[in-house]
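In: Fold the following for me, if possible:
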Amino acid sequence: MSQAKNGDTVKVHFTGRLENGEVFSKAKEDEPFEFTLGSGELIPGFDKGIVGMQVGQIKTITVPPEEAFGERHEDLVVDVNRTHIPEHITPVIGQQLRIRRRSGDLLKVTIADVDEDTVTLDANHPLAGNTLFFEVKLVEIA
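Out: Modelled structure (predicted):
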């Protein structure tokens, strides 16, 4: 049987969980997830875990933060005065916004806290700092 290698287009069923068991992502049984190994489409640790698998094989892939979304950086968490939030936005914890940086680039942030005067914005990826666990079944190698 052939084994998945970089450059192969593969289809997988998977469930992604955090250390506490919370599911953060899932490919439905009737809709396998298709991607090309080694193309940079996905986090490096997921790709590495698929390489060498055979069709029909099931395994658990553990991906540390450095091979996923990196470590959390507290310098990416800032408090801003509510007056800097557009009036048409009612800030809610967990809400994601896109803000324009001075350079003109757009930055995706998550509202981490809200009080009368300030809104705390977090520019870390929501999964940063987490070890991720994937239950994966390789369905097809194209």
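
In: Report the buried residues of the helix or strand of the chain with the lowest mean pLDDT.
Out: One helix or strand of the chain scores below all others by mean pLDDT, DSSP states H and E: strand 96-100, with a mean of 91. Under the neighbour-count criterion of 16 or more other C-beta atoms under 10 Å, strand 96-100 has L97 buried. C-beta here means a position set from N, CA and C on the backbone, and glycine is covered the same way.

In: contacting residues around the helix or strand following it?
Out: Next in sequence after strand 96-100, counting helices and strands by DSSP states H and E, comes strand 106-114. The set of residues external to strand 106-114 that reach it, using C-beta atoms under 8 Å, 6 or more residues apart in numbering, is 77, 91-101, 119-124, 126.

In: Can I have the buried ones of those as a ChimeraX selection?
Out: Of these, the buried ones can be selected in ChimeraX as follows, counting by 16+ other C-beta under 10 Å:
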select :77,91,97,119,120,121,122,123,124
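
In: in the chain, which spans are strands?
Out: 9-17, 23-26, 33-36, 58-63, 77-81, 96-100, 106-114, 118-122, 132-141 (DSSP state E).

In: got JSON lines for these, with distance to F69 too?
Out: Formatted as JSON lines, those follow (distance: least, C-beta to C-beta, whole Å):
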{"stretch": "strand 9-17", "distance to F69": "12"}
{"stretch": "strand 23-26", "distance to F69": "11"}
{"stretch": "strand 33-36", "distance to F69": "17"}
{"stretch": "strand 58-63", "distance to F69": "9"}
{"stretch": "strand 77-81", "distance to F69": "15"}
{"stretch": "strand 96-100", "distance to F69": "15"}
{"stretch": "strand 106-114", "distance to F69": "12"}
{"stretch": "strand 118-122", "distance to F69": "13"}
{"stretch": "strand 132-141", "distance to F69": "8"}
